[in-house]
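Enquirer: structure for the following, please:
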Amino acid sequence: MRSETRARTRARARGLARAGDVLLALAAVAGATCIVLAIATVVFDVRVTLFSTGSMSPTIPAGAAAVARGIPADEIEVGDVVTVERPGQLPITHRVTSVGPSAGGSAEARLITMRGDANVVPDPFPYDVERVRLVVFAVPGVAPLFAAAGTPPVMAAVTVAATTLVVAMFWPRRRRRRTAAAEGAG
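Expert: Predicted coordinates for the structure are as follows:
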């Protein structure tokens, strides 16, 4: 009876250890993915843009997240969906309707006009740009998840969960006591 209880306890402990190992491995993969994405952001000038309005619907609906990479203005083509930085305002992401030489900028700069797919009129002013972010792809409905991930409660929960997992996995475990027979033989 006692040996059955010990066997069940050991089996449960092995199962918990395996589950902890799997969770730790998943956390390591997630961490490595974050590091790779952070490096890609710097090296390839890649950014994620969250859409709160429907000006690009149905192509990119409100609540979507888009991945965009930085390109020089001389690579912009009519029909591209690009994000333009605006001093003192939020960036704007719309479809390019015309591309021309910049009036007072460098040879690489361009003067572009844009319009949101859901808008009936073009943006009120052209944009004089030297660099934009070209939208590579968008995923509808995930912007709220990205936005929530950066909130203090979520960050605190992730920190506590990661700390708990690491402590639980690396906490010193009791070593099995050697039997009297084994000690006597040594």
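Enquirer: so residue 167: helix, strand or coil?
Expert: Taking DSSP: H, G, I helix; E, B strand; the rest coil as the rule, one finds residue 167 in the helix state.
Enquirer: check the gap between it and residue 154 for me.
Expert: As judged by CB to CB, to the nearest Å, residue 167 and residue 154 stand 20 Å apart. Where you see a C-beta, it was placed from the backbone N, CA and C, and this is true even at glycine.
Enquirer: pretty sure residue 139 contacts residue 65?
Expert: Yes: between residue 139 and residue 65 there is a contact under CB atoms under 8 Å: 5.5 Å.
Enquirer: residues in contact with residue 115?
Expert: Residue 115 makes contact with 94, 95, 97, 121, 122, 123, according to CB atoms under 8 Å, 6 or more residues apart in numbering.
Enquirer: try it again at 10 Å.
Expert: Contacts for residue 115 (CB atoms under 10 Å, 6 or more residues apart in numbering) come out as 55, 56, 94, 95, 96, 97, 98, 121, 122, 123.
Enquirer: swap in residue 74?
Expert: 99, 101, 106, 107, 108, 109, 110, 130, 131.
Enquirer: hmm, try it at 8 Å
Expert: With CB under 8 Å, 6+ apart, residue 74 has these contacts: 108, 110.
Enquirer: repeat for the one 4 residues further on
Expert: For residue 78, the residues meeting the contact criterion (CB under 8 Å, 6+ apart) are 96, 97, 98, 99.
Enquirer: before we move on, the earlier item: out of residue 167 and residue 154, which sits in the busier spot?
Expert: Legend: neighbour count by other CB atoms under 10 Å for residue 167 and residue 154, higher for residue 154 (13 against 9).
Enquirer: which of the contacts of residue 78 tops the neighbour count?
Expert: Counting neighbours by other CB under 10 Å, the top entry in these is residue 96, with 21 neighbours.
Enquirer: returning to what we had before: residue 139 and residue 65: who's more crowded?
Expert: Higher neighbour count among residue 139 and residue 65: residue 65, with 20 against 15, using other CB under 10 Å.
Enquirer: ok, now which ones touch that one?
Expert: Residue 65 makes contact with 48, 49, 50, 51, 138, 139, 142, 143, 146, according to CB under 8 Å, 6+ apart.
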